[in-house]
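S.K.: What follows is a predicted structure for the sequence shown.
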Amino acid sequence: MYLFLLGRDSDLSKLEISVYFKTNDIDYQIVENHYKYLLIDFKQEINLNKIILELGGITRIAQTFFVSENVSPSFLSKFDFEFYTNFNFSVSSIDLNNNEIEQIIYILKQHFKQEKVKAVYKKPKSENIVSPDDFFSWKLNNNGFELVIVKAHGKYYFSKSLFCFDSKLNVFKDTKRPSIKQLYSTSFRLSQIMINILGLKKGKTILDPFCGAGTFLIQGLCLGYNVIGIDKDTEMCKTAKDNVLWAIKQFNLKNSFKIINGDATSLNITADGVVFEPYMGPFLNKLPSSGTAKAILKQLNSLYFDLFKNLSNNLKTGTRIVCILPEFKTNNNKIYGIYKNVYEKNNFGLVNVSEINKDLDLKNPIFYTTPSGTKINRYIYVLEKL
């Protein structure tokens, strides 16, 4: 049994996991469904290292080695400490109270004292879970361990962290690429999640009709897909090409790419899946009035309608689109969103994601949390050509 700790957008993480497992024919069972984690029992051999590298919505994976109805030293009998001599250790938890956490730490310290080994306890810096950056900075994977305990329905699940999502890799991509244009880039983490939700086998072709600085293109190549990017702006096309060529050299990527300077609402182009974050109107430094929000949406609805119309004319039935669409908050507490007929009148419908795994209460669309201060709500839609 394995504990999958979810990122901040747990609904999105659960959808990514369920689609990924289905796409890769992984047979599994959900033992516990929590908004911060999933306990999963696999019915086959799995490559956990590959999974943690390819999933963007998981902070880390831990192996559950002991289940108990109480906190006692009995979990020590199932944990192998023999290879440790001088190390750090940490205890993270979900839904345990302070007394329970302190009791577990005391049990560990007494055990190490009895065994006469030097062990330094590292306290989690935020909430009850060590962040991925903390995990790597302590080198717990090479010189110690992290014990993660979750409590569900009166049972304690003791797990040892095995793999942690390397957030530093995305930071490297974000900061070291030749051209950084933050206003024209989706985060690498979100791009990775959205590409996985497309549910495509490796080697298929992904289209980004608003490729901007090329984030989706880079992540698509890194995940083993061929990619096509389109952008009306000549400078952005050059930016995307520079960034993609850098990534190909940096990560020795083998799949093909094409970047087209043109209008995605009229070009004849096809692909096995489409993923994008479109133009969402002018930058807003304050909440707009209802009139301003309606004016922006009128422009965006027209743009998106033309895009979906063109995609409908070019894509095969069953082709999936994963995209971000905006919703505007106003200064008089009104909410205005994109019209459904933008995609519905162009033969696209929402994918019934609840059928992928009925145990997870999967949602579509999914509200995506963004850094504080944003003036636009963002929803991730999973659509399919009907």
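M.R.: Received the coordinates, thanks.

S.K.: can we go C-alpha only for contacts and neighbour counts from here?
M.R.: OK.

S.K.: Leaving out sequence neighbours, find the closest residue to V351.
M.R.: Distances taken as CA to CA, 6 or more residues apart in numbering put L383 closest to V351, at 5.4 Å, once the chain neighbours are dropped.

S.K.: which SSE is that neighbour in?
M.R.: strand 376-385 (DSSP states H and E).

S.K.: which residues sit against that strand?
M.R.: For strand 376-385, contacts defined as CA atoms under 8 Å, 6 or more residues apart in numbering pick out 197-198, 312, 315-329, 347-351, 364-370.

S.K.: What about those residues, which are in helices?
M.R.: Those of the contacts of strand 376-385 mapping onto helices are I197, S312, per DSSP state H.

S.K.: Just to be sure, which of the contacts of strand 376-385 are found in strands?
M.R.: 320-329, 348-350, 366-368 (DSSP state E).

S.K.: circling back: so the strand holding L383 versus strand 320-329, what angle?
M.R.: 150 degrees (axes from the mean of the first three to the mean of the last three CA atoms, to 10 degrees).

S.K.: Distance from strand 376-385 to the middle of the chain?
M.R.: Chain-centre distance of strand 376-385: 15 Å, with CA atoms, centre = their mean, to the nearest Å.

S.K.: how close does the residue nearest to V351 sit to V19?
M.R.: 14 Å (CA to CA, to the nearest Å).

S.K.: between the two, who's got more neighbours?
M.R.: Set L383 next to V19 and count neighbours by other CA atoms under 10 Å: L383 wins out with 24 against 19.

S.K.: Need the residue closest to the centroid of this protein.
M.R.: Compute the mean C-alpha point of the chain, and by CA atoms, centre = their mean the closest residue is G57, 2.9 Å away.

S.K.: Can you tell me the closest non-neighbouring residue to that one?
M.R.: That would be S13: by CA to CA, 6+ apart, it lies 4.6 Å from G57.

S.K.: One more: V150?
M.R.: Nearest residue to V150, sequence neighbours excluded (CA to CA, 6+ apart): I94, at 4.8 Å.

S.K.: Please report how far the one you found lies from L39.
M.R.: For I94, the distance to L39 - CA to CA - is 13 Å.

S.K.: Could you do N364 as well?
M.R.: In this view, N364 and L39 are 23 Å apart by CA to CA.

S.K.: can you check A264 too?
M.R.: 42 Å.

S.K.: so who does K36 touch?
M.R.: In this structure, K36 makes contact with L5, L6, G7, S10, judged by CA under 8 Å, 6+ apart.

S.K.: can we see that at 7 Å?
M.R.: L5, L6, S10 (CA atoms under 7 Å, 6 or more residues apart in numbering).

S.K.: for S159, same thing?
M.R.: Taking CA under 7 Å, 6+ apart, one finds A62, Q63, T64, F65, L147, V148, I149 in contact with S159.

S.K.: Can you tell me, leaving aside adjacent residues, what's nearest to it?
M.R.: Counting by CA to CA, 6+ apart, the residue nearest S159 is T64, at 3.9 Å.

S.K.: Where does the one you found fall, secondary structure wise?
M.R.: strand 58-68.

S.K.: ditto for F163
M.R.: strand 155-164.

S.K.: Sheet-wise, list the partners of that strand with their directions.
M.R.: When pairs are called by DSSP bridges, strand 155-164 turns out to pair with strand 58-68 (antiparallel), strand 144-152 (antiparallel).

S.K.: what pairs with the residue nearest to V351 across the strands?
M.R.: L383 has these beta-bridge partners by DSSP bridges: I321, L350.

S.K.: Distance check, it against N352.
M.R.: Distance from L383 to N352, counting by CA to CA: 9 Å.

S.K.: got any ranges where this structure has weak pLDDT?
M.R.: Judged by pLDDT under 70, the chain has its weakly predicted residues at 81-84, 124-143, 181-185, 371-373.

S.K.: can you map out the helices along it?
M.R.: For the chain, the helices defined by DSSP H occupy 10-23, 48-54, 98-115, 132-137, 140-143, 167-176, 188-197, 215-222, 234-251, 290-314, 341-344.

S.K.: Which residues are in contact with the spatially closest residue to A293 that is not a sequence neighbour?
M.R.: Distances taken as CA to CA, 6+ apart put F328 closest to A293, at 6.4 Å, once the chain neighbours are dropped. By CA under 7 Å, 6+ apart, the residues touching F328 are A293, I335, Y336, G337, I376, N377.

S.K.: Make a PyMOL selection of whichever of the residues you listed turn out to be buried.
M.R.: Entered in PyMOL, the line below selects the buried ones among the contacts of F328, by 16 or more other CA atoms under 10 Å:
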select buried, resi 293+337+376+377
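
S.K.: Out of the contacts of F328, which comes closest to I269?
M.R.: Top of the list for closeness to I269, among the contacts of F328 and by CA to CA, is G337 at 27.9 Å.

S.K.: Surely the closest one is in contact with T330?
M.R.: No - G337 is not in contact with T330 according to CA atoms under 7 Å; the separation is 11.3 Å.

S.K.: more neighbours, I94 and L39?
M.R.: Neighbour count, other CA under 10 Å: between I94 and L39, L39 has more, with 22 against 17.

S.K.: Hmm, that one is touching F4, no?
M.R.: Yes - L39 is within contact range of F4, at 6.3 Å (criterion: CA under 7 Å).

S.K.: Identify the farthest-apart pair in the ones in strands among the contacts of strand 376-385.
M.R.: Counting by CA to CA, the most remote pair of these is R320 and K329, 28.4 Å apart.

S.K.: Compare the two and say which is more crowded by neighbours.
M.R.: Applying other CA under 10 Å to R320 and K329 shows that R320 carries more neighbours, namely 26 against 21.
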